[in-house]
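**Student:** Just the structure for this:
(one chain, ligands or ions: 1)
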Amino acid sequence: MPSPLIDNHHRCIDYLRLSVTDRCNLRCVYCMPQDGMPKLSHDEIMTYEEIVRLVGLVTRMGISKIRITGGEPLVRKGVLYLCQKISEFQNVNSLSITTNGLLLADFAKGLLAAGIKRVNVSLDTLKPEKYALITRRDSFQRVWHGLETALDLGFEPVKLNVVVMKGWNDEEIEDLARLTYSYPFHVRFIEFMPFNSVDQPSRFLSSDDILRRLAKVAPLVPVEVNNGNGPARHYSFPGAVGKIGIISPISHHFCPTCNRLRVTADGKLRTCLFSHEETDLRVLLRQQDTDEDIITAIRSAINQKPEKHALESEVFRKCISRPMVAIGG
Ligand code: SAM
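**Tutor:** Numbering: from 1, shown residues only. As a prediction, this is how the structure comes out:
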């Protein structure tokens, strides 16, 4: 095993969120305009050979957890081949995927065969008509079928990511949490992050407000979870089979324990979701740089990983260069 990869602020960097496409089959109101975004060209997207080489290098450096994301990762052709290749790296001890779930029922068996057992599904509402308003696609039943298929096939954990937005879905916080009585889901409530001018600060609901609402349903018991080294705080209701997670990137930022790197579909390394600093790894991969050169470039980016993000600054908000779909959530 490689020695731990430690940054200049004593954080152990062991997690990579790898975006494999900028394309998405939904148009969530808070993430993408109705007509979509300008698409990266075929040449701009990293090839699977480039991604696999990169994964080989970062796992040599100490990365051991990888999450495949996007855009919507399941729309990229051949994604199961890529998952299989990544799972073959010995140093990868956790491989997972974040998906909107539309294609999950079709891909679930293939994902398991390719070495992925951990799945996060984004679902902000339990009401089909509200789902259609938020995502601009009438596909709630398909996502629900995907979730049931994942449970039936033994994915563990199956996490539901709920972005809480005032006036859109906040009245469903309690019902979404009550799912944990009937299903072994980890229902994770995520604070809405202001990424662009479309996003209204008035939509923001803090995790403390969310917790107050949940505590009225039943007592929230703090729990430990396996592999729980992410930013979520975990709870469960007495007698529930599932768990509840709270993720507060805005009100209680988790920068002091941030262990992650991100690589965008066009091969830009970002050491902080909210920083506009990027290192162009695709250029290095294509200009035949040696493995050692690329490792040096990654190391140098990690050395500059910000100590904390500045999302609370109004000036900074206007500077955010890419929405979540283009970074990789
Ligand atoms: N297509 C996949 C999916 O839907 O999960 C992966 C990409 S998506 C960009 C990843 C996550 O980012 C989703 O859970 C989405 O809800 C979340 N997200 C997008 N914009 C956000 C925002 N402004 N604030 C909080 N979460 C956001």
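**Student:** Correct me if wrong: residue 135 contacts residue 28.
**Tutor:** Yes. The criterion here is C-beta atoms under 8 Å, and residue 135 meets it with residue 28 at 5.2 Å. Heads up, the C-betas are built off the backbone N, CA and C, glycines and all.
**Student:** higher neighbour count, those two?
**Tutor:** Set side by side, residue 135 and residue 28 show more neighbours around residue 135, with 25 against 17, by other C-beta atoms under 10 Å.
**Student:** Identify the residue spatially nearest to the more buried one, adjacent ones excluded.
**Tutor:** residue 26 (4.4 Å; C-beta to C-beta, 6 or more residues apart in numbering).
**Student:** just residue 73 next, same as before
**Tutor:** residue 20 (5.1 Å).
**Student:** do the same with residue 104
**Tutor:** Among residues not flanking residue 104 along the chain, residue 146 sits closest, at 3.0 Å (C-beta to C-beta, 6+ apart).
**Student:** Mind telling me what element that neighbour is part of?
**Tutor:** helix 140-153 (DSSP states H and E).
**Student:** and residue 95, helix, strand or coil?
**Tutor:** strand (DSSP: H, G, I helix; E, B strand; the rest coil).
**Student:** brain fart, residue 160
**Tutor:** Per three-state DSSP, residue 160 ends up strand.
**Student:** That one: how many residues sit nearby?
**Tutor:** The burial count for residue 160: 26, using other C-beta under 10 Å.
**Student:** Quickly list what it is bridged to.
**Tutor:** residue 121, residue 187 (DSSP bridges).
**Student:** repeat for residue 12
**Tutor:** residue 6.
**Student:** if I pick it, what's in contact with it?
**Tutor:** With contact taken as C-beta atoms under 8 Å, 6 or more residues apart in numbering, residue 12 is in contact with 4-6, 62, 259.
**Student:** for the helix holding residue 146, the distance to its chain's centre please.
**Tutor:** 19 Å (C-alpha atoms, centre = their mean, to the nearest Å).
**Student:** again with stretch 37-55
**Tutor:** Counting by C-alpha atoms, centre = their mean, stretch 37-55 comes out at 18 Å from the chain centroid.
**Student:** That's all I had, so thanks and see you.
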